[in-house]
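*Asks:* sequence and predicted structure are below.
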Amino acid sequence: MAWYLLLKMSISLVRLSQWRIPLQYSTAKELVPKTWFTFSVGGHTVGVTHCSFIKNRLYNFNNTGCTDLNMQTELAVFLKLKCPHTSTVDNTVDLDQGGSSLVIVGEPTSEIVDNSFYKQIVIRRGVLGIDQALALDKLTKDTVNKVAISSIDYFLTKFHQAMVKLGVVEVLTGTQGEIRKSCRAINKS
């Protein structure tokens, strides 16, 4: 999971005020190419997020008091049931919200590494705004569509290649860096 944390640390340093994909993120030495980024976010094919990370998309997107219009209506209804607006409990929801049929709401394949995540974001079922943005952004849209219609083997090969490549971007060793306990914040000493 170190590759995932590295990527999330990189993303967390970029302003995401309008769900703009940080494809231009650069370190002092290297750029993260759009295809590496697009495939690496495929790590969201497994795992969960907390409701606190998506409540703005559900209830007050861009301070409109409305749900993000880029989210499929049926998904928004389902997520609002899992993440009630006034809840004091920070529930979790699966990042991959679909099965192979793509129509079964609430039966995710979140424990299987496959290309279902890409199929979901193509039909506006991205849970995180940054995930949905991949399917909408002109720089990544074609790659997302290709992965969605390709075989699982194609996705797994490309995902593996992206992880290997991203694994060497600005690797910090020893006391130069840390693996964050929370992607959003530097660890407390």
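*Replies:* Good, I have the coordinates. Only a predicted model underlies this, so the values are computations on that prediction, with no experimental measurement involved.

*Asks:* now residue 82: how far from residue 98?
*Replies:* Applying Cβ to Cβ, to the nearest Å, the value for residue 82 to residue 98 is 15 Å. Glycine gets a C-beta too; all of them are placed from N, C-alpha and C.

*Asks:* between these two, who's got more neighbours?
*Replies:* Set side by side, residue 82 and residue 98 show more neighbours around residue 98, with 23 against 15, by other Cβ atoms under 10 Å.

*Asks:* for the more buried one, helix, strand, or coil?
*Replies:* coil (DSSP: H, G, I helix; E, B strand; the rest coil).

*Asks:* surely it and residue 121 touch.
*Replies:* No. Between residue 98 and residue 121 there is no contact, the gap being 9.7 Å when judged by Cβ atoms under 8 Å.

*Asks:* contacting residues for residue 60?
*Replies:* Counting by Cβ atoms under 8 Å, 6 or more residues apart in numbering, residue 60 touches residue 66.

*Asks:* look up how far residue 82 lies from it.
*Replies:* Residue 60 is 17 Å from residue 82, by Cβ to Cβ.

*Asks:* list the contacts for residue 72?
*Replies:* 123, 124, 125.

*Asks:* quick one: list the elements packing against the longest helix seen in the chain.
*Replies:* If you go by DSSP state H, the chain has its longest helix at helix 152-166. For helix 152-166, the packing partners by 3 or more Cβ pairs under 8 Å, 6 or more residues apart in numbering; DSSP states H and E come out as helix 2-12, helix 34-40, helix 141-149.

*Asks:* which strand or helix spans the residue nearest the centre of the chain?
*Replies:* Geometric centre of the chain, nearest residue: residue 131, 4.0 Å, by Cα atoms, centre = their mean. Following DSSP states H and E, one finds residue 131 within helix 129-136.

*Asks:* what pLDDT, on average, does that helix get?
*Replies:* Averaged over helix 129-136, pLDDT sits at 88.

*Asks:* mind giving me the packing neighbours of it?
*Replies:* helix 116-122, helix 141-149.

*Asks:* make a markdown table out of the ones you listed and add mean pLDDT.
*Replies:* A markdown table is the format used below for these (pLDDT from 0 to 100):
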| stretch | mean pLDDT |
| --- | --- |
| helix 116-122 | 90 |
| helix 141-149 | 91 |
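
*Asks:* okay, those, which one's buried deepest?
*Replies:* For the helices and strands packed on helix 129-136, the largest average neighbour count (mean count of other Cβ atoms under 10 Å) is found in helix 116-122, namely a mean of 26.

*Asks:* that one packs against which elements?
*Replies:* Counting by 3+ Cβ pairs under 8 Å, 6+ apart, helix 116-122 packs on helix 129-136, helix 141-149.
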